[in-house]
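Asks: next input, structure requested:
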Amino acid sequence: MGVKDRIGEIRSISGISSEDIVDSSSYQLFILNNIEPDVNINLHYIDYQDNKVAVIEIDDSDDKPYLLKKI
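Replies: Okay, here's the model as predicted:
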């Protein structure tokens, strides 16, 4: 999060505000409630080009494919 990446446009670093910084458990709960099988993530924040950027790493799994539980 904090990166604008749209088809046909140049990728740019927009950064996120301090109000948008949340604990990884919020995202993990969302994923657990909406995706199966369970997916584990790691969330951390980095400073890049004077902007705060969120990095979400998704752990590798042998339980693919993943499905949305709800729409």
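Asks: so the spatially most central residue of the chain, which state does it fall into?
Replies: The residue lying closest to the centre of the chain (Cα atoms, centre = their mean) is Ile56, at 4.1 Å. What DSSP: H, G, I helix; E, B strand; the rest coil gives for Ile56 is strand.
Asks: which residues are in contact with it?
Replies: Contact analysis of Ile56 by Cβ atoms under 8 Å, 6 or more residues apart in numbering lists Met1, Tyr27, Ile41, Asn42, Leu43. C-beta here means a position set from N, CA and C on the backbone, and glycine is covered the same way.
Asks: and it, bridged to which residues?
Replies: Ile56 has the following beta-bridge partners by DSSP bridges: Leu43.
Asks: where does the chain have low pLDDT?
Replies: Applying pLDDT under 70 to the chain picks out residues 71.
Asks: buried ones only from the contacts of Ile56, please, as a PyMOL command.
Replies: Command for PyMOL that selects the buried part of the contacts of Ile56, burial taken from 16 or more other Cβ atoms under 10 Å:
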select buried, resi 27+43
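Asks: what segments of the chain are helices?
Replies: Along the chain, counting by DSSP state H, helices occupy 24-34.
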